[in-house]
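> Show me how the following folds:
(one chain, ligands or ions: 1)
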Amino acid sequence: MLLIRTMRRSDLSWAAGLETRVFSRPWSEEELEKDLENERKLMLVALQDCRPVGYAQSVRAADEADISRICVQEEFRGQGIATKLLTELLKLSGEAGAAKFFLEVRESNRAARNLYERMGFTVTGVRRKYYDEPEEDAVLMAYLFRKQLPGNRNA
Ligand SMILES: CC(C)(COP(=O)(O)OP(=O)(O)OC[C@H]1O[C@@H](n2cnc3c(N)ncnc32)[C@H](O)[C@@H]1OP(=O)(O)O)[C@@H](O)C(=O)NCCC(=O)NCCS
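Residues are numbered from 1 along each chain as shown. Below is the predicted model of the structure:
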């Protein structure tokens, strides 16, 4: 069974290990621990049969939030885990006041770009040579929570 909850200290060494395997600039366990204490940052973990298999982070400022990380352990990919994590991240960040979401993603990261597009994010621009190790452009994407129109409550 898949469960999503906020990240705890006990998840940190697992998350830092996954960071090291997946990202060229991994976040350390100490950095992740600081993030846990930052009230602007929301960190969620997906647990499969009580075992952590994926995590995601957003950073909120007023009504805007950045999706700063989403990662699923290699052997659990392609099972809808990132979709569930991102859905919950958007929901909880929305409840905390975020109405606009932004992110950047490596141009070549087809899996992540497909995930974000499927969730309703649209491309808003490109930042040339934004990444290093290896150097690559960033695709900028945004997602706006639909606002209800006045007088259209039942629509
Ligand atoms: C991107 C990532 C989080 C997707 O996780 P996941 O749990 O496998 O994703 P899901 O199973 O929820 O898939 C959702 C959609 O993403 C897209 N997708 C996922 N994996 C894909 C792949 N290998 N190739 C192409 N599209 C892919 C598909 O559109 C998929 O929808 P579909 O199954 O209906 O086709 C995962 O591949 C990952 O951890 N990558 C490394 C970390 C990373 O690059 N994170 C993003 C930048 S921080």
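
> Now do the helices in this protein.
Along the chain, counting by DSSP state H, helices occupy 12-22, 29-36, 81-95, 110-118.

> May I see the buried residues of the third one?
Yep, that's helix 81-95 we're talking about. By 16 or more other Cβ atoms under 10 Å, the buried positions in helix 81-95 come out as 81, 82, 84, 85, 86, 88, 89, 90, 92, 93. Heads up, the C-betas are built off the backbone N, CA and C, glycines and all.

> thinking residue 53 is in contact with residue 80, fair?
No. Shown here, residue 53 and residue 80 do not form a contact pair, counting by Cβ atoms under 8 Å, at 11.5 Å.

> Can you report how many residues neighbour the closest residue to residue 25 other than its chain neighbours?
Once flanking residues are discounted, residue 25 sits nearest to residue 133: 6.5 Å by Cβ to Cβ, 6 or more residues apart in numbering. Close neighbours of residue 133, defined as other Cβ atoms under 10 Å, add up to 8.

> What separation is there between residue 133 and residue 24?
4 Å (Cβ to Cβ, to the nearest Å).

> again, but for residue 5
To residue 24, residue 5 is 28 Å away according to Cβ to Cβ.

> With neighbour numbers in mind, choose between the two.
residue 5 (12 against 9).

> Please name the bridge partners of that one.
With DSSP bridges as the criterion, residue 5 is bridged to residue 45.

> Residue 136 now?
Here residue 136 shows beta-bridge partners residue 131, assigned using DSSP bridges.

> Make 57 the first number, not 1, from now on.
Will do, 57 is the new start, and the previous item becomes residue 192.

> What's the local residue count around it?
Neighbourhood size, residue 192 [other Cβ under 10 Å]: 15.
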